[in-house]
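> no sequence on this one, just coordinates:
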């Protein structure tokens, strides 16, 4: 028996490759499928089935491209309805993979079609449970996403029944393999690991410890943050279908001269710069939005960029194809080319530039007593802000900046000092502000991590002064 987790950090996503006796299955594949094809070749195996645990909201699945490449059927659990051919499995139906067996466990709650797959070894012993977004390490899937007309309370009630009737009854030594790890927005607060055992989850996971359904519903639905705006778009794509990644690459991986790039900007296309945040701050094509590949790139792209506009790319040399693939993972199929020669070509052509001034936290501390127009803008999440923030700082989360109206109160009379936790998100925020015509701003180097120990910056936590 061969089981491999293929984990993608920037999406906190786990796909799985299972093989026995030359037969293999893939569970929840990403849109770029080469890793699965390479594993099959390495294992001298044929991919027999492609299993989907549900309609993913946070990435575009590779089910269609992988099915086209392997002729393997796409298997969904009960309640799934698609615009393309699938094998609709029944609850408790079993599939053979070499000497192994995979059993379908329909577990509605995160979504109606959510399904777990229980793997039995060659001796018929339950070995591993591939839980999708039904059960995570330390958490469960949120019940407020793309699932028809059901309320989150109704779905949470279904999730309680699924956990208690289908999952908690399994042996303690079963390995739990979820579709997501820490950082994913598909749950509230996922644990730090990407796998667990059922015994550990039964003893530590609040959702499996709950015995009262009404209390469970309250715990699961309380404190849910607003899901990223691209979630319903990706779920719809996964249900209805999409262009092949090959077709997307042929359309998008196109080098553009500076002149052609400028013309497309005049036509209204958006410029996305994926160079590292610190590099972007030193100089960029005016009105560009910065989302560096080094961070949670695909998630922020999906949350902040419009799906109805064509995109132009500025990347580091050799990063063009990677950028297009990672955008395609969250449903962006409308890249219209990249700047040939990168930002260096733009400079060499003598074109106009923009930049972001970056200052140390102690400079901010010195300016506060003398500048009545100074505004500290904290773009971290509300929970981060509540844990500790600079006195009088305004909290405008980066994800909320997708709405230009949130910046309506800022103008060039204000001196904005923008920060996040470490510096990645604040550069994105500065680029968005500049695109909206707000240029009197500075990025605070090192973010809150550096600011909290800076003399002269008063730190607040709820109503208490920390230092």
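Now that the structure is in, tell me what you want to look at. Keep in mind that what you see is a predicted model, and the values were worked out from it rather than measured. Residues are numbered from 1 along each chain as shown.
> alpha carbons only for contacts and neighbour counts from here, please
Will do.
> Now do the same contact list for residue 429.
379, 398, 401, 418 (C-alpha atoms under 8 Å, 6 or more residues apart in numbering).
> just checking, residue 432 is part of a strand?
No - using DSSP: H, G, I helix; E, B strand; the rest coil, the assignment for residue 432 is helix, not a strand.
> residues touching the closest residue in space to residue 210 that isn't next to it in sequence, list them.
The spatial neighbour of residue 210 that comes closest, neighbours along the chain excluded (C-alpha to C-alpha, 6 or more residues apart in numbering), is residue 216 at 5.9 Å. Applying C-alpha under 8 Å, 6+ apart to residue 216 gives the contacts 156, 157, 160, 207, 210.
> Would you mind listing the buried residues in stretch 10-23?
10, 11, 12, 13, 14, 15, 16, 17, 18, 19, 20, 23 (16 or more other C-alpha atoms under 10 Å).
> how long is that stretch end to end?
One end of stretch 10-23 sits 30 Å from the other (C-alpha to C-alpha, to the nearest Å).
> next one: that stretch to chain centre, how far?
Centroid separation for stretch 10-23 versus its chain: 19 Å, with C-alpha atoms, centre = their mean, to the nearest Å.
> And for stretch 292-307?
Distance, centroid of stretch 292-307 to centroid of chain: 8 Å (C-alpha atoms, centre = their mean).
> that's a strand at residue 148, yeah?
No - applying three-state DSSP, one finds residue 148 to be coil, outside a strand.
> ok, so what distance separates it from residue 68?
Residue 148 is 29 Å from residue 68, by C-alpha to C-alpha.
> Name the residue in the two with the higher neighbour count.
residue 68 (11 against 8; other C-alpha atoms under 10 Å).
> any idea whether the more buried one is helix, strand or coil?
Strictly by three-state DSSP, residue 68 counts as helix.
> Let me know the pLDDT of it.
We have a pLDDT of 98 for residue 68.
> Next, check the contacts of residue 216 against the helices and list the overlap.
Among the contacts of residue 216, DSSP state H puts 156, 157, 160, 207 in helices.
> Switch these over to TSV; also include pLDDT.
Listed next are the ones in helices among the contacts of residue 216 as TSV, based on pLDDT from 0 to 100:
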residue	pLDDT
156	96
157	97
160	98
207	94
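> So which of those wins on neighbours?
residue 156 (29 neighbours).
> Where does pLDDT dip in this protein?
Applying pLDDT under 70 to the chain picks out residues 146-147, 462-467.
> Spatially central residue in it, please.
Ranked by distance to the mean C-alpha position of the chain (C-alpha atoms, centre = their mean), the top residue is residue 299 at 3.6 Å.
> in a helix, that's where that one is, yeah?
Yes - counting by three-state DSSP, residue 299 is found in a helix.
> Run through the residues that contact it.
10, 11, 58, 330.
> Quick check: buried residues in stretch 320-340?
Here stretch 320-340 shows 320, 323-340 as buried, counting by 16+ other C-alpha under 10 Å.
> actually stretch 60-74, not the one I wrote
For stretch 60-74, by 16+ other C-alpha under 10 Å, it's 60, 61, 62, 63, 64, 65, 66, 67, 72, 73, 74.
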